[in-house]
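Asker: No sequence on hand, only this structure:
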């Protein structure tokens, strides 16, 4: 065979494979889902379990509604709120947790947190700040 015929045959075969090859497109979908319904908010680390009363300070609430932490956070830029990390399971807390969907008890409403003393600040995105007492 002549080199031109070999080149032509190779070109036809390569073109056939190029036309027949399926196109691939990168498909990335991130579905975080809705924030869990927790009476006093939730921990800002996965699996975002409900946090007990007293974990978050009053600045985490707007008109009595938890403004969020973790991927659902909707607070202002440069937000830092106080937490009492003694109520975090990674710091040894083994007490009761509210169930998802449970309502806050009236005696534990956010308006009754005048004795709250956080020992840490957090930005709601997993970053802890300095200790505060």
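Answerer: Good, I have the coordinates. What you see is a predicted model; the values in this text were computed from it and never measured.
Asker: any weak-confidence spans in the protein?
Answerer: 1, 5-9, 12-26, 29-31, 130-133 (pLDDT under 70).
Asker: ok, now with 80
Answerer: Scanning the chain for pLDDT under 80 picks out 1-33, 111-112, 129-133.
Asker: the strands in it, which residues?
Answerer: In the chain, the strands defined using DSSP state E lie at 61-62, 65-66, 81-83, 120-122.
Asker: Using CSV, lay out those strands together with distance to residue 92 and mean neighbour count.
Answerer: Yep, even glycine has a C-beta here, placed from its N, CA and C like the rest. Shown next, in CSV, are these (distance: least, C-beta to C-beta, whole Å; neighbours: other C-beta atoms under 10 Å):
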stretch, distance to residue 92, mean neighbour count
strand 61-62, 25, 16
strand 65-66, 24, 15
strand 81-83, 15, 22
strand 120-122, 14, 19
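Asker: Near residue 96, how many other residues are there?
Answerer: Other residues near residue 96 come to 8 when the count uses other C-beta atoms under 10 Å.
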